[in-house]
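Asker: Sequence first, predicted model second:
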2 protein chains.
Amino acid sequence: MQFELSGIYNYKKINLDKINKIQRKKIITNVFSKKSSTMLGWLDLVDLSEEDICKIEDFAFETRKKFKNFVVLGIGGSALGTKMIKHAFFDSINKNDKIKSFVCDNIDSDYFLSLLKSLNLKKTIFNVITKSGTTSETLAQLSIVIDFLKKKNISLSKNIFVTTTRDNELYKFAISNHIKVFEIPESVGGRFSVLSNVGLVPASIIGLNIRDLLKGAEKIKENSQLLDLTNIAYTTAYINFKGLQNNLTNLVIMPYSDRLALVSDYFAQLWAESLGKKYDLNGKEVFTGQNPIKAVGVTDQHSQLQLFTEGPNDKLFMFIKVKENLYDFQLNENIRFAPYLKDISLSKLLEYEFLSTQFSLTCLNKLNYGIYLDKINEESIGELIFYLQMTTAFMGELLNVNTYDQNGVETSKKFTKACLNVVGLKKEGKLIKEFINNRRFIKL
Amino acid sequence: MQFELSGIYNYKKINLDKINKIQRKKIITNVFSKKSSTMLGWLDLVDLSEEDICKIEDFAFETRKKFKNFVVLGIGGSALGTKMIKHAFFDSINKNDKIKSFVCDNIDSDYFLSLLKSLNLKKTIFNVITKSGTTSETLAQLSIVIDFLKKKNISLSKNIFVTTTRDNELYKFAISNHIKVFEIPESVGGRFSVLSNVGLVPASIIGLNIRDLLKGAEKIKENSQLLDLTNIAYTTAYINFKGLQNNLTNLVIMPYSDRLALVSDYFAQLWAESLGKKYDLNGKEVFTGQNPIKAVGVTDQHSQLQLFTEGPNDKLFMFIKVKENLYDFQLNENIRFAPYLKDISLSKLLEYEFLSTQFSLTCLNKLNYGIYLDKINEESIGELIFYLQMTTAFMGELLNVNTYDQNGVETSKKFTKACLNVVGLKKEGKLIKEFINNRRFIKL
């Protein structure tokens, strides 16, 4: 991985030579000594024991032998990492692997039921993933899957396995039904869990080398403890922090790679849910956070780039570029009226477009930086994942917020439970009923 | 279609009763008399003649008979509408239709080449879509496809058709190669072209009823000429305009439907490229625009909602909700420890979650509104498309910008052409070369 800074050195309002070194040292030390939070267990995920790796690999091997379809039931942190990884390797994994994989992270019945109807359920294994074991959406999916399996006389214990925290209700439910459980450590939050069993087990089942994923992450973990500018994650967080201080309230995430398109979704959760906070750690109202804006190159040059160049000056840009593609193609002179499109490769054209976008934004004094992966493989994806997690952790420290909670979504959850007549929520039930009854519509 | 306003009447800073009626009348009249721009040809697309409809339907019928795969080559406005429509109907179209469709809107060689390698090219028809006929990415794709077809001795005229403007270079290229051409009117911009041949031909090929798409659009066209609050598109534009005046610089687009997930991408282009402008129509520097933020419910309740509720107060929210699903499922009491998840349907759970999110944002005085579709079918998708286009057109008038240009992307295009050694760009070539050579990297 390389970090490219041209768009920073050209930006007048940030001087990396004037970085606050005392603050940097304090933050890095705090994070790695785990002083700043009890939820830093994700830092240790890279040190998975040989025994635990083998357990995952063995289970994956058996699963791939027995099943044709693999379905993840999960939402948010239980799904976004696996979706990103799956998308990045859509084509490079062994074509002889016959296992097809699906991640169901919504409860839209059209999609979910049509999927279930289309699968040979005997040959399908479901991985139910929820850290708390109480996520309504995931439990609803599980409930439906149980009905489908029962109707076909398929044993739950063979076609379902669960990934959750030890001893919660779902864990007990699984044990009492002889369903296999992979554990999630208490100290690893959902959105930081992709390198735990949450993401490693699915990755292994779809045929990826999880040792290399962890190896890549380990490299970033080492780099993230350095106390100078070459600490890529800290430097990134610092740039974003200074950008936010200069009213760059939006962070555009723009991988120039189809295969990395879902990195934007993965990172959007990390960035939005970790940093979007009403209070800082001193209890002061701050309403802070930086809005992630998802984009993909070159496609978004024909969609959002107009806004990025000429619209409000409230954005900074994170580009992600892959240096070497798996395939490439030399263009011939087939289009006579576009003679400039010959003797170059398709990936060279993509590179030129990337550089042109980067340069034109830089000329407009728009803050931007680039992450370069040599190629897409398990190791580089492991690097990218851990880099994005470390950057988020450092940014949370710089903003002085609790990076690991998400109190803002509790109100909405409470109202849903009230709609479902859960006891103890009479007040909420009355309020939302009133709201529902008093809605005003304009009909076409 | 219905428009729901609870989140507006609860928002203190906008009073719909005080809407400027003179301005509204002027804008609506300007748009429909086509005074405000020469690029309002898209308004007439709904009035397609019986003859033209039959031409499309006949071509689609023949195509579906002869081919197994249908591949769109296009980017931006040539792709986003079709991607959205295709995704919305992933499952409801006739399963007996054996034609598989793909939209290639990026030049990432990994994806594009692996797709071409996987297809039986004899049974594959390619639709090259570019209004100007000069889009580099699309021409590069075409060049590669020509090579692939030539290698297999497949005639270009049988397996390619083109959608472009009359008499441009690509048009002539097609004619001289006996390739069929569907035309795009000069007065219809790319991002407003989904109801022209750009989107109608693909929609018909994948098996949709394009008469109903147009019928839905026609309904909104009529509604959009009304001079009161029941003009849904104008009212929406006005709310967004007032929101922007109150520093709500971001518009969150959040369909509560998997099938409508790509509406966010489609609308993001319309909103970003039409409104993100440096100058207003008087030539004054304004750097205006409203940043579209893509989300999908319920998934994003577990990702971006934390930021939406507790982060910066710089957003307003457009929800899209479907009232009736194609499939539904009654939950049974399979999960004993979550007794509230029984005797409700999956779509009811989704609805409760939607209402809870909407209500909790409303309680926080966050400006929001909802678009309700009765169900997903061609007519309602036609309504949605035209509603989003009309809303964008009215918003452009309110902001007093040129809704139909995109000068901000020209610099980047020029640098790309300079990289490709197009003549007349020596200065640009020197500048970007210098930039490329002086980049600074931090290596891991």
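Answerer: Nice, I can see it. Keep in mind the model is a prediction, meaning the values are calculated, not measured.

Asker: Which helix runs longest in chain A?
Answerer: The longest helix of chain A (DSSP state H) is helix A:378-399.

Asker: can you give me the mean pLDDT across that helix?
Answerer: For helix A:378-399, mean pLDDT rounds to 98.

Asker: Then stretch A:16-34?
Answerer: Taken as a whole, stretch A:16-34 has a mean pLDDT of 96.

Asker: Could you list the buried residues of it?
Answerer: For stretch A:16-34, burial by neighbour count (16 or more other CB atoms under 10 Å in any protein chain shown) applies to A:19, A:24, A:27, A:28, A:30, A:31. All C-beta atoms are positioned from the backbone trio N, CA, C, and that covers glycine.

Asker: out of the residues you listed, who's nearest chain B?
Answerer: Nearest to chain B among the buried residues of stretch A:16-34: residue A:19, at 13.2 Å, using CB to the nearest CB.

Asker: Checking the closest residue to residue A:67 other than its chain neighbours next. Helix, strand or coil?
Answerer: Leaving aside its chain neighbours, residue A:67 sits nearest to residue A:125 (4.6 Å; criterion: CB to CB, 6 or more residues apart in numbering or on different chains). Counting by DSSP: H, G, I helix; E, B strand; the rest coil, the backbone at residue A:125 sits in strand.

Asker: just the helices in the stretch 1-150 of chain A please.
Answerer: For the stretch 1-150 of chain A, helices defined by DSSP state H, counting those that start in this stretch occupy the ranges A:6-9, A:21-32, A:50-66, A:80-88, A:109-118, A:136-151.

Asker: need the ones you listed in a markdown table with distance to residue B:203, can you?
Answerer: Output for these, formatted as a markdown table (distance: least, CB to CB, whole Å):
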| stretch | distance to residue B:203 |
| --- | --- |
| helix A:6-9 | 40 |
| helix A:21-32 | 52 |
| helix A:50-66 | 39 |
| helix A:80-88 | 26 |
| helix A:109-118 | 19 |
| helix A:136-151 | 31 |
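
Asker: what's the most buried one of the ones you listed?
Answerer: Among these, helix A:80-88 has the highest mean neighbour count (mean count of other CB atoms under 10 Å in any protein chain shown), at a mean of 24.

Asker: wait, does stretch A:272-282 make contact with chain B?
Answerer: Yes - Stretch A:272-282 lies within reach of chain B by CB under 8 Å from any CB of the partner chain, at A:272, A:273, A:275, A:276, A:277, A:278.

Asker: Inside strands: which ones of these?
Answerer: A:277, A:278 (DSSP state E).

Asker: Chain B: which of the residues of stretch A:272-282 next to chain B is nearest?
Answerer: Nearest to chain B, judged by CB to the nearest CB, of the residues of stretch A:272-282 next to chain B is residue A:276 at 2.9 Å.

Asker: how many other residues sit next to the closest one?
Answerer: The local packing of residue A:276 (other CB atoms under 10 Å in any protein chain shown) involves 25 other residues.

Asker: can you pull the contacts of it?
Answerer: Residue A:276 makes contact with A:288, A:289, A:408, B:304, B:306, B:307, B:308, B:309, B:310, B:311, according to CB atoms under 8 Å, 6 or more residues apart in numbering or on different chains.

Asker: And what about the spatially closest residue to it that is not a sequence neighbour, helix, strand or coil?
Answerer: Using CB to CB, 6+ apart and skipping the chain neighbours, the partner closest in space to residue A:276 is residue B:307 (2.9 Å). What three-state DSSP gives for residue B:307 is helix.

Asker: confidence score at residue B:307?
Answerer: We have a pLDDT of 98 for residue B:307.

Asker: gap between it and residue A:412?
Answerer: As judged by CB to CB, to the nearest Å, residue B:307 and residue A:412 stand 13 Å apart.

Asker: and those two? which has more neighbours close in?
Answerer: residue B:307 (29 against 24).

Asker: My understanding was that the more buried one contacts residue A:287; is that so?
Answerer: No - taking contacts as CB atoms under 8 Å, residue B:307 lies outside contact range of residue A:287: 10.3 Å.

Asker: residues in contact with the residue nearest to residue A:11 when sequence neighbours are not counted?
Answerer: Leaving aside its chain neighbours, residue A:11 sits nearest to residue A:367 (4.5 Å; criterion: CB to CB, 6+ apart). By CB under 8 Å, 6+ apart, residue A:367 lies in contact with A:7, A:8, A:11, A:13, A:14, A:239, A:243, A:246, A:248, A:316, A:317.

Asker: Tell me which two of those residues sit farthest apart.
Answerer: Using CB to CB, the contacts of residue A:367 span at most 14.9 Å, a distance reached by A:13 and A:317.

Asker: So which of the two has more stuff around it?
Answerer: Neighbour count, other CB under 10 Å: between residue A:13 and residue A:317, residue A:317 has more, with 24 against 12.

Asker: beta partners for the more buried one?
Answerer: Counting by DSSP bridges, residue A:317 forms beta bridges with residue A:252, residue A:368.

Asker: Look up how far residue A:391 lies from it.
Answerer: Distance from residue A:317 to residue A:391, by CB to CB: 14 Å.

Asker: Could you do residue A:239 as well?
Answerer: Distance, residue A:239 to residue A:391, by CB to CB: 10 Å.

Asker: And for residue A:26?
Answerer: Distance from residue A:26 to residue A:391, by CB to CB: 17 Å.

Asker: can you check residue A:403 too?
Answerer: 11 Å.

Asker: Low-confidence stretches in chain A?
Answerer: Chain A contains residues with pLDDT under 70 at A:91-97.

Asker: Tell me the secondary structure at the most centrally placed residue in it.
Answerer: By CA atoms, centre = their mean, chain A has its centre lying nearest to residue A:266, at 2.1 Å. Under three-state DSSP, residue A:266 falls in the helix class.

Asker: Which parts of chain A are strands?
Answerer: So, for chain A - with DSSP E - the strands run A:2-4, A:69-73, A:100-104, A:124-129, A:160-164, A:180-183, A:250-256, A:277-279, A:285-288, A:291-294, A:315-322, A:368-373, A:441-443.

Asker: Taking their axis directions, the fourth one and helix A:50-66 sit at what angle?
Answerer: Here strand A:124-129 points in a direction 150 degrees away from that of helix A:50-66 (axes from the mean of the first three to the mean of the last three CA atoms, to 10 degrees).
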